[in-house]
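Chemist: any chance you could fold what I've pasted below:
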Amino acid sequence: MAENILEITDANLDEVLGSAEPVLIDFWAEWCGPCRMVGPVIEELAGENADKIKVGKCDVDKNQASAAKFGVMSIPTVIVFKGGEEAARIVGARDKAEYQQAIDGAL
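Modeler: Numbers count the residues shown, from 1 in each chain. Down below sits the predicted model:
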C-alpha cells in the first residue's frame, strides 16, 4: 500500500473517522477487477490531496464489520467522510475527476 494511504480496519475505523480532515475510504477486495483499476487512481488522489484529506483502503473481506456499518453492498465503493459523517459515495469504477469532485465537495 502506498505510503500516504492508511489501512482501514474494523479496529481503527472510528479513530480514522474522528480526524479533523475529511477522509476518503476505498472499500475493496483483492479479487475484484474493478477495484484493481480504481486502486492506482486512489493512490494518485492521495498524493495530490495529501495536505487536505486522509485516504484509506478497507479490504471488505478482512473487515466485514466496517463494510456492514456503511451498507457497502458492491465494490469498489468509495466514501468521503467529513466530520465523521458521509459526504459523498461513489459505487463502481469511475474516472479520476469524479473522485476529485467528491473530495472537493467535502473540503
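
Chemist: what does the helix of greatest length in the chain contact?
Modeler: Ranked by residue count and defined by DSSP state H, the top helix of the chain is helix 33-48. For helix 33-48, the external contacting residues (C-beta atoms under 8 Å, 6 or more residues apart in numbering) are 2, 4-5, 24, 26, 28-29, 55, 57, 75-76, 78, 92-96, 99-100, 103. In this view, the C-beta of every residue, glycine as well, is placed from N, C-alpha and C.

Chemist: those, buried ones only, as a PyMOL selection?
Modeler: What follows is the PyMOL syntax for the buried subset of those, where burial is set by 16 or more other C-beta atoms under 10 Å:
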select buried, resi 5+24+26+28+55+57+75+76+78+93+94+99+103
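
Chemist: from the contacts of helix 33-48, which ones fall inside helices?
Modeler: When DSSP H is applied, the contacts of helix 33-48 are split such that 96, 99, 100, 103 fall in helices.

Chemist: mind giving me CSV with the residues you listed and columns for distance to residue 51?
Modeler: Written out in CSV, the entries for the ones in helices among the contacts of helix 33-48 read as follows (distance: C-beta to C-beta, whole Å):
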residue, distance to residue 51
96, 18
99, 17
100, 14
103, 12
